[in-house]
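**Q** Task: produce atomic coordinates for the following.
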Amino acid sequence: MEKNVHIYSDRWPKATPLQNQYNADIHRTGDRSSGVSALFRASYSRRSMNQGRPFDDSMCQNPFTVSKMFALSVTLEPVPLPEGSAFLLSRRKIAPIEVQRMIILGIETSCDETAAAVVEDGMNIFSDVVASQIAVHSPYGGVVPELASRKHVEAILPVIAQALHEAGISAEQLDAIAVTQGPGLVGALLIGLSAAKAMAYALQKPLIAVNHLEGHMHAAFLGGERLDRPFVCLVVSGGHTALYRVNPDGEHDFLGSTRDDAAGEAFDKVAKLLNLGYPGGITIERLASGGDPKAFQFPRALADKDSLEFSFSGLKTSVANFLRHHGFPAQAGETGPYRLEDLVASFQEAIVDVLVVKTMRAAASCGVGDVAVVGGVAANLRLRERLKEEAGRLRLNLHLPLRRYCTDNAVMIAAVAHSIWKRSGFCPDPIDLDARSRWF
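**A** Below is the predicted model:
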């Protein structure tokens with residue numbers, strides 16, 4: 001029997017893989033006892049459809065209603081279907097459809113980038129549009145949540161329109177809409193969620209809710225096949241620093257995270273101490289390339305043998321104390337007690353050391369041969385250089401996203417949504433979908 005047989009409802013689309021892989025002949029009726037004539041009978045509620053339970057004899061004994069309006073009776077015959085076949089449950093009629101490809105619009109508004117992208121089958125990128133808010137937040141040295149939300153309101157519709165235009169398709173040609181549900185800034189998330197839910201309702205398209213961190217994990221494999229074996233993934237950005245063991249089906253096992261500041265947050269806060277502007281990571285990386293990473297010794301927290309946790313607040317405090325005791329560094333063309341380039345290079349090296357050591361330790365403890373590092377800080381060239389050195393020394397396969405896909409983007413959201421759809425179907429109740437500020 002062929003795989004990937006799905007059921008769709010075009011009101012609020014609900015889909016689930018049918019594990020038995022049978023040809024399903026679906027009848028809409030107000031009478032549970034009618035329209036049943038073959039090997040198996042089952043009537044599914046909205047909840048049980050989304051759980052992906054297979055059809056079997058036991059379910060025929062206690063049928064559920066699919067909604068308050070009507071029952072769904074199913075006649076099953078062991079007839080193989082082509083890969084990707086599906087059936088559309090319409091308000092007026094029922095017709096078999098052939099799913100040749102899945103074109104998904106991804107929407108991302110978890111922090112300070114408004115992004116939309118169109119991706120086919122989780123691999124072929126048709127468009128990638130990002131509206132940055134760096135100029136808005138730079139005067140404050142960090143993201144101001146209220147300003148971020150207001151800018152998302154202004155940008156969301158133009159960004160979506162541009163993504164569809166660059167993809168050369170209309171909204172009606174989309175097969176599904178994917179949106180970041182969390183984690184992130186609640187106000188920012190709600191803008192993307194509201195736009196996605198409105199589009200899904202108006203266009204009668206299914207909706208896929210995406211975990212932002214899972215999107216980042218998928219970014220390491222954009223344009224290629226996902227691994228068919230477990231791997232360790234470090235997610236490192238301005239809001240997250242955490243290690244996970246990722247299974248081939250996309251499920252994750254948490255290994256450890258930061259107890260206080262994220263690595264990217266430490267970069268930004270130290271840059272603010274040094275009046276280097278926002279975002280600080282880019283400026284520090286540029287200056288550090290001309291400095292001596294061994295000029296000053298900054299602490300590496302939680303360096304004990306078995307720990308997979310991180311802490312960067314002490315490192316930030318150490319830099320602040322250094323400035324208090326030694327004054328500010330000499331600027332270009334000036335004389336002073338020390339060079340700015342040496343200070344930021346030493347600070348950067350302390351962060352890179354901890355990230356590399358803990359990631360390799362996690363790979364050893366999990367017994368895996370593959371490591372992925374994703375998130376905004378994964379774009380740091382010194383970190384990428386050190387990771388390649390250590391992975392080569394330990395004979396590990398290293399997976400890094402292209403630098404453009406390290407920071408927040410909608411390509412990763414649309415791409416991972418295809419995997420989520422195959423794993424668990426569409427969102428069963430899109431209109432009730434809410435933002436999640438925290439999510440594993």
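
**Q** got the CA coordinates for the strand or helix carrying residue 390 in PDB?
**A** Element membership of residue 390, judged by DSSP states H and E, is helix 381-394. Output of helix 381-394 as PDB, limited to C-alpha atoms (Å, rounded to 0.1, in the frame of the first residue of the first chain):
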ATOM      1  CA  LEU A 381      32.600  33.500  11.400                       C
ATOM      2  CA  ARG A 382      34.900  32.800  14.400                       C
ATOM      3  CA  LEU A 383      32.300  30.300  15.800                       C
ATOM      4  CA  ARG A 384      31.900  28.600  12.400                       C
ATOM      5  CA  GLU A 385      35.700  28.300  12.100                       C
ATOM      6  CA  ARG A 386      36.100  26.800  15.500                       C
ATOM      7  CA  LEU A 387      33.200  24.400  15.000                       C
ATOM      8  CA  LYS A 388      34.700  23.100  11.800                       C
ATOM      9  CA  GLU A 389      38.100  22.600  13.500                       C
ATOM     10  CA  GLU A 390      36.600  20.600  16.400                       C
ATOM     11  CA  ALA A 391      34.200  18.600  14.300                       C
ATOM     12  CA  GLY A 392      37.000  17.600  12.000                       C
ATOM     13  CA  ARG A 393      39.200  16.700  14.900                       C
ATOM     14  CA  LEU A 394      36.500  14.500  16.400                       C
END
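
**Q** Name the residues of that helix that are buried.
**A** By 16 or more other Cβ atoms under 10 Å, the buried positions in helix 381-394 come out as 382, 383, 384, 386, 387, 390, 391. To be clear about C-beta, it is placed using only N, CA and C from the backbone, and glycine gets the same treatment.

**Q** Then stretch 313-328?
**A** 314, 315, 316, 318, 319, 322.

**Q** so what pLDDT did residue 433 get?
**A** Residue 433 is assigned 84 on the pLDDT scale.

**Q** Kindly apply the preceding question to residue 53 instead.
**A** 39.

**Q** now residue 76
**A** 34.

**Q** One more: residue 345?
**A** Residue 345 is given a pLDDT of 97.

**Q** on that earlier part again, ok, then the element right after the helix holding residue 390?
**A** Next helix or strand after helix 381-394 toward the C-terminus (DSSP H and E): strand 397-399.

**Q** Give me the distance between that following strand and the centre of its chain.
**A** 19 Å (Cα atoms, centre = their mean, to the nearest Å).

**Q** can you check stretch 374-388 too?
**A** Its chain's average C-alpha position is 18 Å from that of stretch 374-388, according to Cα atoms, centre = their mean.

**Q** I'd like the average pLDDT over that stretch.
**A** On average, stretch 374-388 scores 96.

**Q** What lies in contact with it?
**A** Identification of contacts with stretch 374-388 by Cβ atoms under 8 Å, 6 or more residues apart in numbering yields 216-217, 219-220, 233-238, 240-241, 263-264, 267, 281, 285, 288-289, 293, 348-349, 351-353, 355-356, 359, 371, 373, 398, 400-401, 403, 406-408.

**Q** which of those residues count as buried?
**A** Here, 16+ other Cβ under 10 Å leaves 216-217, 219-220, 233-238, 240-241, 263-264, 267, 281, 285, 288, 293, 348-349, 351-353, 355-356, 359, 371, 373, 398, 400-401, 406-408 buried among those.

**Q** Just the residues you listed: which are in helices?
**A** The helices, defined by DSSP state H, take in 216-217, 219, 263-264, 267, 281, 285, 288, 348-349, 351-353, 355-356, 359 from these.

**Q** how deep is the closest residue to residue 182 other than its chain neighbours tucked in, by neighbour count?
**A** Excluding the flanking residues, the one nearest residue 182 by Cβ to Cβ, 6 or more residues apart in numbering is residue 436, at 3.0 Å. Residues near residue 436, counting by other Cβ atoms under 10 Å, number 18.

**Q** what stretches of the stretch 51-200 of the chain score poorly on pLDDT?
**A** 51-100 (pLDDT under 70).

**Q** which stretches of it form helices?
**A** Using DSSP state H, counting those that start in this stretch, the helices found in the stretch 51-200 of the chain span residues 57-60, 134-137, 145-167, 186-203.

**Q** Contacts made by the second one with the rest, please.
**A** In other words, helix 134-137. Against helix 134-137 from outside (Cβ under 8 Å, 6+ apart): 112, 143, 144, 147, 148, 151, 278, 279.

**Q** For residue 364, which residues are in contact?
**A** residue 394.

**Q** is it true that it lies in a helix?
**A** Yes: according to DSSP: H, G, I helix; E, B strand; the rest coil, residue 364 belongs to a helix.

**Q** for the stretch 251-400 of the chain, what are the low-confidence residue spans?
**A** Applying pLDDT under 70 to the stretch 251-400 of the chain picks out residues 331-335.

**Q** can you do 50?
**A** Applying pLDDT under 50 to the stretch 251-400 of the chain picks out no residues at all.

**Q** related to what we said a few turns ago, who wins for proximity to residue 108 among the helices of the stretch 51-200 of the chain?
**A** helix 186-203 (6.5 Å; Cβ to Cβ).

**Q** got the buried residues for that closest one?
**A** Neighbour count says helix 186-203 has 186-197, 199-200 buried, by 16+ other Cβ under 10 Å.

**Q** Which one of those is nearest to residue 245?
**A** For those, the nearest to residue 245 is residue 189 (26.4 Å; Cβ to Cβ).

**Q** okay but that closest one is in contact with residue 196, surely?
**A** No: counting by Cβ atoms under 8 Å, residue 189 does not reach residue 196; the two are 10.5 Å apart.

**Q** residues shared between the contacts of those two?
**A** In contact with both residue 189 and residue 196: no residue, using Cβ under 8 Å, 6+ apart.

**Q** For the nearest residue to residue 156 once chain neighbours are set aside, give me its contacts.
**A** Counting by Cβ to Cβ, 6+ apart, the nearest residue to residue 156 once its immediate chain neighbours are dropped is residue 195, at 5.0 Å. Remark: with contacts taken as Cβ under 8 Å, 6+ apart, residue 195 is in contact with 107, 156, 157, 160, 179.
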